[in-house]
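# model the following, please.
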Amino acid sequence: QVQLVESGGGLVQAGGSLRLSCAASGSIFSINRMGWYRQAPGKERELVAHITSGGRTTYADSVKGRFTISRDNAKNTVYLEMNSLKPEDTAVYYCNAVLRSGYDYSDMIYWGKGTLVTVSS
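Residues are numbered from 1 along each chain as shown. Here you go, the predicted model:
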């Protein structure tokens, strides 16, 4: 079994910062890409950022220049540093990983349960 466990969400004022972490554990053979998605109330889940095993990053336009994604391959952990937060960043943030476990024959997509980020105005 593979688990993705997020931490670091919470309540912050507009302009503030938060750092999310997501650790992958279990029988993991390799991790290709890790990232973060978010879902605000009444909206569809959207990509925030992702990072490949080689360190190549992709960001949503709405967070470019404010959020930074990074990963520690040795710890199977991905981070999201969020600065200059806005009320519209309020959402449940989900960790995502494309990886091959000891039970898979190919890369599979795994999701965490989510962590709530609330930005007050």
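# so where does the residue nearest the centre of the chain fall, helix or strand?
The centre of the chain sits closest to residue 36, judged by Cα atoms, centre = their mean, with a distance of 2.6 Å. Take DSSP states H and E as the rule and residue 36 turns out to sit in strand 28-39.
# contacts for stretch 42-54?
Stretch 42-54 is contacted by residues 30-39, 57-60, 63, 67, 69-71, 73, 78, 80, 91, 93-94, 96 when judged by Cβ atoms under 8 Å, 6 or more residues apart in numbering. All C-beta spots, glycine's among them, are computed from the backbone N, C-alpha and C.
# let's see 6 Å
Stretch 42-54 has contacts (Cβ atoms under 6 Å, 6 or more residues apart in numbering) with 32-39, 57-60, 63, 69, 71.
# farthest-apart pair in those residues, please.
Greatest spacing in the contacts of stretch 42-54, by Cβ to Cβ: 32 and 39 (22.7 Å).
# one step back: tell me the strands beside the helix or strand just after the strand holding residue 36, with direction?
Going down the chain from strand 28-39, the next helix or strand is strand 46-52, by DSSP H and E. Take DSSP bridges as the rule and strand 46-52 pairs in its sheet with strand 28-39 (antiparallel), strand 57-59 (antiparallel).
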